[in-house]
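Peer 1: One predicted model, sequence on top.
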Amino acid sequence: MYQEIQTTLQQLLRDEQSFYAFRQPGEEVLHLSTIQATESFDYGLLDKPTTEQGFVMFPFSQQNEQGWWFTGDQLLELVAPQQQESLSNLTSLQVDELPGDFPAYSAQFKEMMAALEKGEVQKVILSRTIQVNHALINEIPKIFTRLLQQYPKAFVYLVASRQTGIWLGASPELLFSRQDGMCTTVSLAGTRPNDAAGSSWTQKEIEEQGLVSNYIDNLLKVFKVTRYQKEGPFIIKAGNLTHLKTTYAFENGPFFKVAQFVEALHPTPALCGEPKEIAMQLIQQVEKHDRTFYGGFLGPVNKDTINLYVNIRCMKVAPDHSTIFVGGGLTRQSDLQSEWNETILKSKTLLSAIPTRP
């Protein structure tokens with residue numbers, strides 16, 4: 001079954017076709033569609049889709065990138081059974097960090113910590129990039145199917161288009177969902193390796209998760225959503241990592257505007273910080289790379305159902321190199337070495353799926 005998926009993807013990539021493929025968390029069906037039409041994404045499309053079936057890909061910030069609405073032509077629905085490989089048996093591709101990588105990260109960490117200590121922000125996300133300096137285009141089908149196997153509870157996707165380039169990933173984080181009249185969003189923050197899951201969560205991790213949950217609590221009040229079901233925080237596993245998660249569910253009432261809510265929700269403090277506007281300015285001031293679609297959102301949308309996921313644990317593939325994006329939330333209690341180690345752990349989501357070379 002996975003061989004059929006790989007063969008189909010190889011042909012599409014060889015023909016330089018624009019397409020998107022995805023499997024939603026807990027499902028066993030891979031949806032594969034060629035892209036027939038493209039238009040700039042406007043949040044209003046979430047309330048009134050212009051097509052029966054579409055796929056959204058939206059950036060972290062619209063400062064240097066715009067969002068896209070892809071109209072898909074369903075090509076295939078393929079069975080992608082949940083046959084999770086043991087992560088302990090996988091070997092992550094080893095990537096040599098450049099000599100300046102840690103010093104550069106350290107300088108950016110200190111700059112953000114200064115803003116945290118002054119009380120300018122309560123939380124801010126510092127991200128970095130990891131370069132894989134050889135061609136992976138021909139390996140994409142295999143990488144993608146490995147992600148399908150390794151992460152059955154993630155939103156696993158592959159997008160290839162003229163507008164975005166080639167992106168793929170396995171996101172554990174839902175941004176917003178609407179199905180059968182019910183809306184769902186989550187607060188996902190706080191990260192530790194699986195082998196530390198038995199120990200107590202630190203105050204930093206609890207505070208980090210709480211800031212995201214408080215943001216959603218307040219946003220629901222702004223949108224006059226007074227009746228909602230809140231569960232958590234509880235512990236979830238995402239590959240080799242463990243997170244704290246709180247879920248929210250509420251009815252899509254007659255006066256609730258999905259488009260306005262999602263626009264206000266994105267980016268959450270889990271990917272930006274709090275307060276949002278100041279954290280965004282700090283990120284743009286401190287980080288030396290453009291996040292583009294990392295930290296944005298993407299997913300399938302039709303007239304009845306919306307499923308949008310945060311674009312994390314992801315990679316952009318170029319002809320002669322690929323870029324993995326990783327990040328973590330900083331608070332006043334953050335430790336430089338711990339935060340750096342967290343980015344290394346997060347990079348293994350993609351690195352463990354890339355075939356190693358002899």
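Peer 2: Noted; the coordinates are in hand.

Peer 1: in this structure, which helix or strand is least confident?
Peer 2: Across the helices and strands of the chain, the lowest-confidence element by mean pLDDT, DSSP states H and E is strand 68-79, at a mean of 86.

Peer 1: Buried residues in whichever helix or strand comes after it, which are they?
Peer 2: Going down the chain from strand 68-79, the next helix or strand is helix 101-117, by DSSP states H and E. Within helix 101-117, the residues scored as buried using 16 or more other Cβ atoms under 10 Å are Y105, Q108, F109, M112, M113, A115, L116. All C-beta spots, glycine's among them, are computed from the backbone N, C-alpha and C.

Peer 1: Could you name the helices and strands sitting against helix 101-117?
Peer 2: strand 123-132, helix 276-286, strand 322-330, helix 336-351 (3 or more Cβ pairs under 8 Å, 6 or more residues apart in numbering; DSSP states H and E).

Peer 1: What lies in contact with stretch 93-113?
Peer 2: 124, 126, 128, 130-132, 282, 286-288, 330, 332, 334, 336, 339-340, 343, 347, 351-352, 354-356 (Cβ atoms under 8 Å, 6 or more residues apart in numbering).

Peer 1: circling back to that earlier point, in the least confident helix or strand of the chain, what's buried?
Peer 2: For strand 68-79, a neighbour-count test (16+ other Cβ under 10 Å) marks W68, W69, F70, T71, G72, L78 as buried.

Peer 1: can you check stretch 327-342 too?
Peer 2: Across stretch 327-342, burial judged by 16+ other Cβ under 10 Å covers G327, G328, G329, L330, T331, S334, E339, W340, E342.

Peer 1: now, among these, which is nearest to K142?
Peer 2: The closest of those to K142 turns out to be G327 (Cβ to Cβ; 26.2 Å).

Peer 1: Report the contact partners of that closest one.
Peer 2: Applying Cβ under 8 Å, 6+ apart, we find G327 in contact with I125, L126, S127, R128, L271, Y294, G295, I312, T343, K346.

Peer 1: and of these, the nearest to T38?
Peer 2: Comparing the contacts of G327 against T38 with Cβ to Cβ places Y294 closest, at 20.5 Å.

Peer 1: if we can go back for a sec, keeping just the C-alphas, turn the least confident helix or strand of the chain into CSV.
Peer 2: Output of strand 68-79 as CSV, limited to C-alpha atoms (Å, rounded to 0.1, in the frame of the first residue of the first chain):
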residue,chain,number,x,y,z
TRP,A,68,-3.2,30.4,-0.6
TRP,A,69,-6.4,28.7,-1.3
PHE,A,70,-6.0,25.6,-3.5
THR,A,71,-8.9,24.0,-5.4
GLY,A,72,-8.2,20.3,-5.5
ASP,A,73,-9.3,17.7,-8.0
GLN,A,74,-9.5,14.5,-6.0
LEU,A,75,-7.0,12.1,-7.6
LEU,A,76,-6.9,9.2,-5.1
GLU,A,77,-7.9,8.1,-1.7
LEU,A,78,-5.4,5.5,-0.6
VAL,A,79,-5.3,3.3,2.5
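
Peer 1: for that strand, packing partners?
Peer 2: Applying 3+ Cβ pairs under 8 Å, 6+ apart, we find strand 68-79 packed against helix 2-14, strand 19-23, strand 29-40, strand 53-58.

Peer 1: hmm, 10 Å instead?
Peer 2: helix 2-14, strand 19-23, strand 29-40, strand 53-58, strand 155-161, strand 297-302 (3 or more Cβ pairs under 10 Å, 6 or more residues apart in numbering; DSSP states H and E).

Peer 1: where does it sit relative to the chain's centre, distance-wise?
Peer 2: Distance, stretch centre to chain centre, for strand 68-79: 20 Å (Cα atoms, centre = their mean, to the nearest Å).

Peer 1: Name every strand pairing with that strand and say which way it goes.
Peer 2: Paired strands of strand 68-79, with direction, are strand 29-40 (antiparallel), strand 53-58 (antiparallel) (DSSP bridges).

Peer 1: Just say which of those is most tucked in.
Peer 2: strand 53-58 (a mean of 23; mean count of other Cβ atoms under 10 Å).

Peer 1: Nothing else from me, thank you.
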